[in-house]
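K.L.:
Sequence and computational prediction follow.
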Amino acid sequence: MIGTKIKEERLKRDWTQEELGDKIGVSKVCISGYEKGTKSPTLNTIYRLLKALELTPNELLGYEVETVIDKEVIHLSHSDVHILCSLKEYPELYQKISEDPKRILERMQKKI
């Protein structure tokens, strides 16, 4: 998860692996390893990543985000948020699901 998030945030900023590495004091090879999951950043490097990417530890590590909907506190993972954002790219499908989410998802589940 952390590697995916690093890559996602780097690309949002239109930075190369080398540019991000320069910002946090590691090589392009290290950034590539973090993104692929073959190398783990040290605690010190994680701190520099958080500062460079302007993220909270929860965001970088993929922990849940607290959200309030109709005065009820719910927790969404970043994967949940990503799914919802992706779904909004299909307005007709988004509208259909939002009308009766449980029914539509049950129908989808049966087809899987």
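P.N.:
Perfect, thanks for sending it.
K.L.:
domains for the chain, by residue range?
P.N.:
2-61, 65-111 (automatic domain parsing).
K.L.:
Mean neighbour count and mean pLDDT added to those, as a markdown table?
P.N.:
The way it works is simple: take the backbone N, C-alpha and C, and place the C-beta from them, glycine included. As requested, these are exported to a markdown table (neighbours: other CB atoms under 10 Å; pLDDT from 0 to 100):
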| stretch | mean neighbour count | mean pLDDT |
| --- | --- | --- |
| domain 2-61 | 15 | 94 |
| domain 65-111 | 11 | 84 |
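K.L.:
Point out the other helices and strands that the helix or strand hosting Glu59 packs with.
P.N.:
Using DSSP states H and E, Glu59 sits in helix 57-61. Judged by 3 or more CB pairs under 8 Å, 6 or more residues apart in numbering; DSSP states H and E, helix 57-61 is in contact with helix 2-12, helix 43-53.
K.L.:
okay if I get those as CSV plus distance to Ile74?
P.N.:
Formatted as CSV, those follow (distance: least, CB to CB, whole Å):
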stretch, distance to Ile74
helix 2-12, 21
helix 43-53, 25
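K.L.:
now the helices: where do they sit in the chain?
P.N.:
Counting by DSSP state H, one finds helices in the chain at the ranges 2-12, 17-24, 28-36, 43-53, 57-61, 78-87, 91-99, 101-111.
K.L.:
Of those helices, which is nearest Val68?
P.N.:
Across the helices of the chain, Val68 has its closest neighbour in helix 78-87 (14.2 Å, CB to CB).
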